[in-house]
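S.K.: Sequence and computational prediction follow.
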Amino acid sequence: MLLVVQTLGLLVAASWLGGGMAHNALPWILALTALSLPLWFARRAEGVALGCGALVPAVLWLALVGLACLNPSHELRPDGTWHERAGWWHWLPTTVDRAHTVTGALPWLAALLQGAALSGLRPPARAVRLIWAGAALNGFALATVGAGFHFLGADRMLGAFDVPEPTYFFATFYYKNHWAAYGALGSIAGAALALAHWPAALAGEPAARGRTVFFGGIALVTLCTLPLPGSRAGLLLAAAIAGGFALRAAVQLGQGRGRSGRVWGAAVLLAICLLIAGFIARFYIERGRADFARTERQFAQHAAGGMLDLRVEISRDTWRMFQARPWFGWGVGCYEIVFPVFQGPYLRDEGGRRVARVEFAHNDWLHILAEMGALGAALLLGAAGARLWQSWRRAGGAGRTALGGAGLLLLYAWIDFPFHNPAVLLLWTVLVATAGGLRRG
């Protein structure tokens, strides 16, 4: 139970503190993540067999970042320019700036430690269901609050806090596409719980029917808010998740026994379709027209020989940045410092001076390669792949469907940077690490 409380406390704090990007969020995230460490000793004292190998990626990550901080490649001069240090070792991990690297490495460390705790301490199925229920309810709460302020026309977060861009935030997330990613994961948690109870609900169990409707309902409400702030990616994610879970439920409905259960199940699926159609007609139709027109303009500009999207140019230059230091990269968190060296003529004035700062590649895969190199990226992806495979082997139908939904975020990371939001990174880690324990209720 302590692991459940620690995990949910971490998820709630990360999401409500600006999606983990508020100035005071990182200390809270680290403190709450560190609370998982004593649980290893407590479980060991109980005589429980632990999977201590799950901690290896976190230890290797600390070693990699530590070596980089001991081998800085550049220094900042008083005039604000960066100059290469003499005598730094090119064949070892490095960083352009230690402070940026420490700040950039800590969210990844938190995810590695939390994923290790959930994999190595092996929480029982009941604990996993509690974690997923808390994640779904937290996503629903954020969706409800965000929708309320959205329809009120608020231009400040929660009506009280200034944001960098008044038209780009939703709920407590500064960037609308980060909310789309987080809301997608929260809805996946709720839909998976509903799907886990679905067979028992079709068999006529009243408690299972209640849980199916409850968790399915909060997942649906959360999904409906993904495109509200004008996120086209949110619309695609919502459609894919709703379609995937509905298809899985329909397959199980066809396999169910008993006419009353099948009639009840068909009525629930029909209600979901009507609710989605009603939401689109009532709340999203105008926003959708604007999003569609924006997409048409982009394609028309590309057909006329212009740029389809700025992200294409940034991705191309980020790839060149990676090629310059392919093994260990330029240093975690140092993207915004190094990228101007490789930046093309866009976002520059007539004199060639930059008019905007590029902080993220809007492509997590290339961003990670540029900062961490092939070896650093392999460490993170290896840890994620091991968790995915472990959970897939143990998971039932609901858990595997949820893992498929989590896989959508990996595809989404090709066109945006969801995993550079700490709240998204942590929630994705928690769901992937525990999906194997999601069993039929």
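M.R.: Received the coordinates, thanks.
S.K.: Low-confidence regions, the stretch 1-150 of the chain specifically.
M.R.: Counting by pLDDT under 70, the stretch 1-150 of the chain shows low-confidence ranges at 44-50.
S.K.: Mind doing that once more with 90?
M.R.: Applying pLDDT under 90 to the stretch 1-150 of the chain flags residues 1-2, 23-24, 39-54, 74-88, 90-91, 120-124, 150.
S.K.: Next: the stretch 201-350 of the chain.
M.R.: Low-confidence segments of the stretch 201-350 of the chain (pLDDT under 90): 201-210, 212-213, 217, 220-221, 224, 227-236, 238-239, 242-313, 341, 343-350.
S.K.: mind listing the helices for it?
M.R.: 206-224, 232-255, 259-279, 285-303, 310-324, 335-342 (DSSP state H, counting those that start in this stretch).
S.K.: The stretch 1-150 of the chain too?
M.R.: 2-16, 25-34, 37-45, 56-70, 98-120, 125-151.
S.K.: Flag every buried residue along stretch 424-441.
M.R.: The neighbour-count check on stretch 424-441 (16 or more other CB atoms under 10 Å) flags 424-439, 441 as buried. Any C-beta I mention is one placed from the backbone N, CA and C, and that applies to glycine too.
S.K.: Sorry, slip of the keys, the one I care about is stretch 320-340.
M.R.: Per 16+ other CB under 10 Å, stretch 320-340 contains these buried residues: 321-322, 325, 328-335, 337-339.
S.K.: just stretch 120-132 next, same as before
M.R.: For stretch 120-132, burial by neighbour count (16+ other CB under 10 Å) applies to G120, L121, R122, P123, A127, V128, R129, L130, I131, W132.
S.K.: which residues touch the closest residue to the fifth one other than its chain neighbours?
M.R.: For A127, ignoring the flanking residues on the chain, the nearest one in space by CB to CB, 6 or more residues apart in numbering is V4 at 5.0 Å. Taking CB atoms under 8 Å, 6 or more residues apart in numbering as the criterion, V4 is in contact with P123, A127, L130, I131, G134.
S.K.: The last one and T434: what is the separation?
M.R.: What it means is G134. 11 Å (CB to CB, to the nearest Å).
S.K.: Give me the common contacts of those two.
M.R.: By CB under 8 Å, 6+ apart, no residue touches both G134 and T434.
S.K.: for the contacts of V4, which one is nearest R316?
M.R.: R316 has its nearest neighbour among these in I131, at 40.3 Å by CB to CB.
S.K.: residues in contact with that closest one?
M.R.: Applying CB under 8 Å, 6+ apart, the residues near I131 are V4, T7, L8, P123, V430, T434.
S.K.: now do T225
M.R.: Shown in contact with T225 (CB under 8 Å, 6+ apart): A143, G146, A147, H150, F170, W179, G183.
S.K.: Please tabulate those in TSV, including the columns neighbour count.
M.R.: Listed next are those as TSV, based on neighbours: other CB atoms under 10 Å:
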residue	neighbour count
A143	26
G146	25
A147	19
H150	16
F170	30
W179	32
G183	31
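S.K.: Just name the closest of those residues to F41, please.
M.R.: For the contacts of T225, the nearest to F41 is G183 (36.2 Å; CB to CB).
S.K.: Now do the same for the closest one: helix, strand or coil?
M.R.: The local conformation at G183, judged by DSSP: H, G, I helix; E, B strand; the rest coil, is helix.
S.K.: Go ahead and confirm it touches L223.
M.R.: Yes: using CB atoms under 8 Å as the test, G183 is close enough to L223 to be in contact (7.2 Å).
S.K.: shared neighbours of the two, anything?
M.R.: Joint contacts of G183 and L223 (CB under 8 Å, 6+ apart) do not exist.
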